[in-house]
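> My questions are about this predicted structure, shown below with the sequence.
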Amino acid sequence: MPKIKSYTPGWLLPPSPGHDLFAPNLEDAHAGSCYTSKVVSKSGPRRTIARRGTEVFIAVGKEIRWADLVYLKERWDDKAAERRGGGARVKREDSADSEDEVIRASVEQGYAEGFRTIITSVGSDIQQLVISPYANFMAVVTTHTIRILLLPDSSHLTAPSLDPIKPKSWTLGPTTHVIDRSPIASAIWHPLGVNGSALVTVTKDAVVRLWEISQKDRWSFDSPSLTIDLQKLADGTSLDQNFGAPSDVTNKGFSPDSFEMDVAAACFAGRGSGGWSPMTLWIAMREGDVYALCPLLPTHWAPPPTLIPSLSISIVGNLAAIEDDPNVSEQAKLLAQQQLDWMSDLDNQEPRLVDGPPGESPTEIFTRPSRPSVVPRLQGPFDLELSPESEDDLDTELTDIFAIGQRLDTDELMMGEDEELETEDIEGEGLSLPIICLLSSSGQLRVCLDLDGVQAQWLPPRNKSKAVGRLTESPSLLTFQSMDTLSSIEATEHGWPMFSPDVTSRYSFYITHPSSITYISLSPWVFRLESELQGDSQAGSEFRIDLLVNGQSSTRERLYTSPTQSDAHLPLAVSVAIRDPDLGYFLLSATPFEPIALTFDTPDDDLSPIRSVSPIFEKDAEVQPLDFYEPRPVFQPSHVFNESSVLPDLLNRLLTSRHKTIVNQEVRLSPLTLQLFTEAHQILSDETYRLGVAAAEVFRRCVKLQDELRQQVTKANEVKARVEAITGEDQDEDGEAESSNAAMERRLQSAKGRSEALSQRLEKMRKTVGKATSRELSDKEKAWVSEVHALDATLFEPSATADGSSRLRQTRRRYEEVMQLRDELVEEAEKLGAVTGEGEENLGTSTTDLRIPSELRRAKVNQVKGLLERETALVDAVKARLERLSVG
C-alpha cells in the first residue's frame, strides 16, 4: 500500500505555470456557472489526462495542454532560488499578469518554460485522451467524434516559444463517428497492432470497429478494416452471415437488445499476458452483462515471440486429449478443429520483419487467418457466480471493466529446451487465471476469476449449424471478492467511476470517482492462490483455499477525498500514475479548475545501488529527517471567488432586445418587469448561495487550520522530549539539567529495579503454579525416592539387611554403632548428673577420683549433645520427607 508523502507540490499551485495547465480558458472562467453546468450535463467517462513518460497531455475544453513535469519542476526550483537570492517579493493585485510578463520575458531571453498548447479541430469538449502503445499517436475523443493526433517531438517543449502548436491530425470515421450516430463508449488501442497503429472503437449501440491507421494511407482513417454488430452476432447461427453494421443512418425503434446491450466500457488485457488474453476484447454493458470477443485481430498484427508457440502447444494438446474421447460433444470437437485450422493458417505463413519505433527491435508481422472466419463468436453473457445480490440499481449499472491476463507459463513453453526464455518479471509472475474487475455506478467493485479461460471460438459453418446447434451452456465468471469503494452518501446516479492502472504492479490499480480516489491491490491473495493451484499436495488444499477466501482480502485504501463532495460541478479526471527518478512515485488527477497530485514513498522493490563498505561513504550518507508529520492537501479557495457575475450579461442582452426602452424608464408593475426581476433574482440567488458556501468553507478551513497547527506543535514537542530524553538533556525533578552520566546511571538503576521486581514476581508465580499443579516425578527424583526407601528399610527393618548390598549393610553397622555410642553416652551423662547433684563436696571428691578436668568434661558433654541433636534432626527430616512423598 503506498504511503502518501505529500499532496499537490508547489510547482503545480498558483501562480506557477504548472497550475495554468489545468486552469480553464478565460471565456469559460468568466462564465463559470455556464461552464460547470455544461460539465455536469455529460454523464460518462472523463479521461482527460494522458502521459508519455514524464510528459502529460491535459484536455481543457477543446484544446490540449502539453508539458514536461520534470522540466516544470526544475524550472520552478530555479525561479524559487533566484527569488530567494534576490530578496523577498511583494505580491501585488495584478500578480497573475506580472507572472505572465515574467514568463514571456524569460522566453524572450531564450529560456524554455516546458509547456505548450496544442490546437485540435474538434467540435465539442474533449472527453478522453488515449495514447497509443508506442506513444506516436493519440486519440482525441469527444462524445461522438474521434481525432487522431500525431504527437509532436519532445524538443518543442524545450524551445523558447509559447506559440500554440497545431500538429498533423486526421478525423477518424468522418461518416461513421458523427453527431447523428451513436455516442462513443470506448476507444482502445489494440495491444497486438503493428507499431501500435490499430484502434478499436466501441459505440454505445454495441458496434465494434477495428481501424488500422497509416500515415501513408488516407483511406485507413475513413473506413474500418472490420466492423461487427454485436446485436446481430448474438443472434448469429453460422459463419456465412453478415454481421456488419448498416452504413445508412436510420432511426432505430426500441428493442430489448438495444436496452440490454447498451455498452458501458471495453478493454483488452496486457500485451505480455499468456494464452488468448491479448486478443480478447472484454465488453461490459450498462445493465450488468459481460461479453467477450476472441480472437479479435487486425488484418496485420505483431504478436510477442512467445504468443504463437504457447497457443500452438495448447491447441495441439487439447485436440489430442479429446480426439478419441467418446464423451466429448460435437461442439467441443468442432471447436478444437477450428482452432487447429486457425493455427495451421498461421504456421503456413512466412512472417515479414518490420522496423519498429526508435529504440525497439524489429517485429514479425503476421496476417490475420481467414479460416474459420475473421469474425469470432460472441461469448456471453457471462454468469457471475456467487455475485452478491443487491436491490440497488446503481450496484448493477456497470461503468468500467478492467482485465488482467493470465501469466505467461514459460516452464511449459520451454519444456525440453536447454535455453531459458528471457521475459520481464511482470509477465512471468502472478496468477495463471485471468482476472476481470467490474465497477458499478455505486462504487461497488467485483473481482471475478475466469476459471475456464476464454478461448478462441467461431460460429459453425452453414452445413453444420443445424447438426451442432446453439450453445446451451453460457460461460461463467467466479466472483472471488466484492467490495464497496464509496459510501451510500457518496454514490450518485451521475457518477462514473473508472479504473486506471498502476505502474508498480499489474495486480494493483486506482479507482477514480468524481469525488474520491481509491487504491486497490490484489497482491495479498493472488500469489498465495497461485501457490495453492500449482502445488502438488492435495491434502488440506480445500481448507487452505477456504481460509484464503474468507481471510486475507485485497488492499483497499482511500487516498483522496474531494473537499467539495456535494458539488457535482467539480468531477475528478481519471488519475494517472507516474514513476520516475526525478518525480518519484507520482499520482496526478484534476478538477475542471485545478490539479490534484499525490506523491508516494518509493516502493521497496526498487533496486538499491551497490555501495562499497567504507567508513567514508557512511559518514557522507544523507541523514533523513524524522517522519512525524501528517501530510495534508493544500487548501485552495473556491473558484467561485474568481468568477464574474452573469448579471451584466443579462443587462447587455436586455439592451439589445426589443425591451431596451424599459431600462431607462421608471419601474412599473407589469408582467415584463416581473419576468426581468425573476430572472435577475435567480441569477443573484445562485451566485450569492455559491459565494456563501465558499466563504463558509474558508471559515471552516481557518478553524481546522488552528486545530491542525495545534496537533503539529504537540507532535513536535513529543519528538523534542524523546530526543532530549535520549541525549540526556531533559530535566530532573528539581528542574535542573542532568548530566549524561547521571541520566545513564539513573536509567540503569531503574532498569535493574524493574528486572529484580520481575524476577521476584516470576519466582512467586513459579511457586504458586508448583503448588497448584501436580506433575510426574523425573527419573532422578524417582531414583532418589527409591534410595530413601531402601535406606529406611535398612535402618528400621533388620531383616532386609541380609538381602541388601554391602553398602546397605555397612550403613546398618554404622547406624548400630552410633546408636550404641548414644546409649553409652546417655548413661554416662545420667551418672554424671546424679553425682553432681549430691553437693559440692561429693562433686569434688568424685572429681578427684575421676581425675578429669571440668573443662574437658563439659566440652565432651556438649559435643555428645550436638551429635545427638544432629542425628535426631536427620531422622526427623527423613521421616517428614517420606511422609510428604507418600501424601503426594
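Ah, there it is. Residues are numbered from 1 along each chain as shown.

> I'd like to know the phi and psi angles of the nearest residue to residue 203 once chain neighbours are set aside, please.
What sits nearest to residue 203 in space, not counting adjacent residues and going by C-beta to C-beta, 6 or more residues apart in numbering, is residue 182, at 4.2 Å. Backbone N, C-alpha and C define where each C-beta goes, glycine included. Residue 182 has phi and psi values of phi -70, psi 140 when expressed as degrees, to the nearest 10.

> Residue 182 and residue 143, how far apart?
Plainly put, residue 182 is 10 Å away from residue 143 if you go by C-beta to C-beta, to the nearest Å.

> Also residue 9?
Residue 9 is 33 Å from residue 143, by C-beta to C-beta.

> Between those two, which is the more surrounded one?
Each of residue 9 and residue 143 has its neighbours counted (other C-beta atoms under 10 Å); residue 9 has more, 20 against 17.

> for that one, what are its contacts?
When contacts are counted by C-beta atoms under 8 Å, 6 or more residues apart in numbering, residue 9 touches 73, 597, 599.

> cool, residue 268 as well?
188, 190, 191, 200, 278, 279, 280, 281, 282, 403.

> Mind listing the residues bridging to the closest residue to the second one other than its chain neighbours?
Yep, that's residue 190 we're talking about. Nearest residue to residue 190 in three dimensions, chain neighbours excluded: residue 198, at 3.8 Å (C-beta to C-beta, 6+ apart). Per DSSP bridges, the residues bridged to residue 198 are residue 212.

> Do I have it right that residue 198 meets residue 192?
Yes. Applying C-beta atoms under 8 Å, one finds residue 198 in contact with residue 192, separated by 7.4 Å.

> Pull up the overlap in contacts between the two.
By C-beta under 8 Å, 6+ apart, residue 198 and residue 192 have these common neighbours: 298, 301.

> for stretch 180-196, which positions count as buried?
Neighbour-count burial for stretch 180-196 flags 181-196 (criterion: 16 or more other C-beta atoms under 10 Å).

> List just the nearest of the residues you listed to residue 135.
Within the buried residues of stretch 180-196, the smallest distance to residue 135 is 7.9 Å, found for residue 196 (C-beta to C-beta).

> Need the per-residue pLDDT for that closest one.
Looking at residue 196, its pLDDT stands at 87.

> which ones are touching it?
132, 133, 134, 135, 136, 137, 189, 357.

> try 6 Å
When contacts are counted by C-beta atoms under 6 Å, 6 or more residues apart in numbering, residue 196 touches 132, 133, 134, 189.

> I'd like the next helix or strand past the host helix or strand of residue 743.
Here residue 743, judged by DSSP states H and E, is contained in helix 740-772. Using DSSP H and E, the helix or strand that directly follows helix 740-772 along the chain is helix 779-796.

> got the buried residues for that next one?
790, 791, 793, 794, 795.

> okay, which residue is most central for this protein?
Taking C-alpha atoms, centre = their mean as the criterion, residue 521 is the residue nearest the geometric centre of the chain, at 3.4 Å.

> pretty sure that one is touching residue 508, no?
Yes. With contact defined as C-beta atoms under 6 Å, residue 521 counts as touching residue 508 (4.1 Å).

> number of nearby residues for the residue nearest to residue 190?
Residue 198, neighbours per other C-beta under 10 Å, totals 26.

> For the residue nearest to the centre of the chain, give me the pLDDT.
93.

> same check, this time on residue 550
71.

> So what's the residue count around it?
8.

> so how far is residue 525 from it?
From residue 550 to residue 525 the distance is 11 Å (C-beta to C-beta).

> Check residue 160 too.
Residue 160 sits 53 Å away from residue 525 when distances are taken as C-beta to C-beta.

> Residue 863 now?
85 Å.

> try residue 532
Applying C-beta to C-beta, the value for residue 532 to residue 525 is 10 Å.

> what are the ranges of the strands in the stretch 1-150 of the chain?
4-6, 49-52, 55-60, 63-68, 115-119, 128-131, 137-141, 146-150 (DSSP state E, counting those that start in this stretch).

> which one of those lies closest to residue 831?
strand 4-6 (102.8 Å).

> for the closest one, which positions count as buried?
For strand 4-6, by 16+ other C-beta under 10 Å, it's 4, 6.

> Which strands or helices does that strand pack on?
strand 595-600 (3 or more C-beta pairs under 6 Å, 6 or more residues apart in numbering; DSSP states H and E).

> Report the inter-axis angle for the strand it packs on versus strand 55-60.
Going by axes from the mean of the first three to the mean of the last three C-alpha atoms, to 10 degrees, strand 595-600 is angled at 150 degrees with respect to strand 55-60.

> before we move on, the earlier item: what's the residue nearest to the centre of the chain in contact with, if anything?
Residues near residue 521 by C-beta under 6 Å, 6+ apart: 508, 555.

> ok so, going back, export the contacts of residue 9 as CSV, with columns for pLDDT.
Below are the contacts of residue 9 laid out as CSV (pLDDT from 0 to 100):
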residue, pLDDT
73, 90
597, 93
599, 92
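
> Out of those residues, which is nearest to residue 150?
For the contacts of residue 9, the nearest to residue 150 is residue 73 (27.3 Å; C-beta to C-beta).

> Among the contacts of residue 9, which one has the most neighbours?
The most crowded member of the contacts of residue 9, judged by other C-beta under 10 Å, is residue 597 (23 neighbours).

> Wait, that one touches residue 8, no?
Yes. If you go by C-beta under 6 Å, residue 597 and residue 8 touch, sitting 4.5 Å apart.

> coming back round to it: which of residue 532 and residue 525 has more neighbours?
residue 525 (21 against 14).

> now the more buried one: how far from residue 764?
47 Å.

> Over to residue 859?
46 Å.

> do the same with residue 332
For residue 332, the distance to residue 764 - C-beta to C-beta - is 76 Å.

> Looking at these two, which has the bigger crowd around it?
residue 332 (13 against 10).

> how about residue 321, secondary structure?
Three-state assignment for residue 321 (DSSP: H, G, I helix; E, B strand; the rest coil): helix.

> Likewise for the one 5 residues further on?
When the structure is split into helix, strand and coil by three-state DSSP, residue 326 lands in coil.

> Equivalent analysis for residue 654, please.
helix.

> Let me know how buried it is, in neighbour terms.
16.

> mind starting the numbering at 18 from now?
All right, first residue 18 from here; so that's residue 671.

> quick one: it from residue 697, how far?
For residue 671, the distance to residue 697 equals 10 Å [C-beta to C-beta].

> where does the residue nearest to residue 459 when sequence neighbours are not counted land on pLDDT?
Computed as C-beta to C-beta, 6+ apart, the closest residue to residue 459 that is not its neighbour in sequence is residue 411, at 3.7 Å. Reported pLDDT at residue 411 in the predicted model: 79.

> can you map out the helices along the stretch 18-167 of the chain?
34-37, 43-47, 49-57, 86-102, 112-125 (DSSP state H, counting those that start in this stretch).

> Can you tell me which of those helices has the worst average pLDDT?
helix 49-57 (a mean of 44).

> The residue nearest to residue 220 is in contact with residue 221, isn't it?
Yes. With contact defined as C-beta under 6 Å, residue 199 counts as touching residue 221 (5.1 Å).

> about what we covered before: out of the buried residues of helix 796-813, which comes closest to residue 316?
residue 807 (103.3 Å).

> Could you measure from that closest one over to residue 827?
Taken as C-beta to C-beta, the span from residue 807 to residue 827 is 13 Å.
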